[in-house]
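K.L.:
coords please:
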Amino acid sequence: MVKIRLTRKGAKKKPFYRVIVCDSRTRRDGPFLEILGTYNSLKDPSEIKINAERAKYWLTCGAQPTSTVKKLLKLAGV
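P.N.:
Sure thing, here's the model as predicted:
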């Protein structure tokens, strides 16, 4: 099953996340199929950049977003 989820980047105590498409069996920071965008929770307000066209493509292909990513997609207008 293909999932749309977050992967953590950044230094210790300074998280920065990528929104990625990957196989559900891979580990959090493991291999992925495509990067859809980024999410920075440290900025005020939070910075969300998502490629809406590619996100819609993966959703129509049957990719399941995690609960956090689902909220981010709503905020981004996908």
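
K.L.:
ranges for the strands of this protein?
P.N.:
Counting by DSSP state E, the chain has strands at residues 2-11, 14-23, 34-40, 47-50, 64-65.

K.L.:
Contacts only, for the residue nearest the centre of the chain.
P.N.:
With distances taken as Cα atoms, centre = their mean, Val19 lies nearest the centre of the chain, 1.8 Å away. By Cβ atoms under 8 Å, 6 or more residues apart in numbering, Val19 lies in contact with 4-6, 35-39, 50, 55, 69, 72. In short, each C-beta sits where N, CA and C put it, glycine included.

K.L.:
ok, now Leu73?
P.N.:
4, 50, 55, 65.

K.L.:
Mind doing that once more with 7 Å?
P.N.:
50, 55, 65 (Cβ atoms under 7 Å, 6 or more residues apart in numbering).

K.L.:
Looking at the residues you listed, which is nearest Asp23?
P.N.:
Pro65 (14.4 Å; Cβ to Cβ).

K.L.:
Go ahead and confirm the closest one touches Met1.
P.N.:
No - if you go by Cβ atoms under 7 Å, Pro65 and Met1 don't touch, sitting 11.9 Å apart.

K.L.:
So these two - more neighbours on which side?
P.N.:
Comparing Pro65 with Met1 by neighbour count (other Cβ atoms under 10 Å), the higher total belongs to Pro65, at 21 against 8.

K.L.:
Take the strands of the chain and write them to JSON lines, including mean pLDDT and distance to Val78.
P.N.:
Shown next, in JSON lines, are the strands of the chain (pLDDT from 0 to 100; distance: least, Cβ to Cβ, whole Å):
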{"stretch": "strand 2-11", "mean pLDDT": "93", "distance to Val78": "10"}
{"stretch": "strand 14-23", "mean pLDDT": "94", "distance to Val78": "10"}
{"stretch": "strand 34-40", "mean pLDDT": "94", "distance to Val78": "9"}
{"stretch": "strand 47-50", "mean pLDDT": "93", "distance to Val78": "6"}
{"stretch": "strand 64-65", "mean pLDDT": "94", "distance to Val78": "9"}
